[in-house]
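Trainee: Predicted model and sequence below, questions to follow.
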Amino acid sequence: MHYSLARFERSEVAKQRLRIIEFYKRYGERATKEAFGVDRRLVSRWRRRLADAGGDVSDDDTGGGDDDDGGCGCAL
């Protein structure tokens, strides 16, 4: 799990990841990296998982690679 999400329970982790996705869409990669320590690859992975779980993700960019996402078992 990303260190910035370690203080949350599983459902809270999913909510926080969604907030980070929304922040990323609004402010971009640089601001997201500075605010949360999360890069484009990780945001892209979370967006794919949300889409795969039936969530609504507009303008999905799936260019991410493989990095540690913690595998919390939640939809994101």
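Mentor: Thanks, I have it. Residues are numbered from 1 along each chain as shown.
Trainee: Do a quick rundown of the helices in this protein.
Mentor: In the chain, the helices defined using DSSP state H lie at 10-27, 29-36, 40-52.
Trainee: deepest of these, which one?
Mentor: Of these, the one with the most neighbours on average (mean count of other CB atoms under 10 Å) is helix 40-52, at a mean of 18. Where C-beta positions appear, they are placed from N, C-alpha and C, glycine not excepted.
Trainee: between that one and helix 10-27, how many degrees?
Mentor: Orientation check (axes from the mean of the first three to the mean of the last three CA atoms, to 10 degrees): helix 40-52 against helix 10-27 gives 120 degrees.
Trainee: So which elements touch helix 40-52?
Mentor: In terms of contacts (3 or more CB pairs under 8 Å, 6 or more residues apart in numbering; DSSP states H and E), helix 40-52 is packed against helix 10-27, helix 29-36.
Trainee: which stretches of this protein have low pLDDT?
Mentor: Along the chain, the model assigns pLDDT under 70 to residues 1-8, 56-76.
Trainee: what do you get if the cut-off is 90, keeping everything else the same?
Mentor: Applying pLDDT under 90 to the chain flags the ranges 1-15, 49-76.
Trainee: nearest to residue 45, of the helices and strands packed on helix 40-52?
Mentor: helix 10-27 (9.8 Å; CB to CB).
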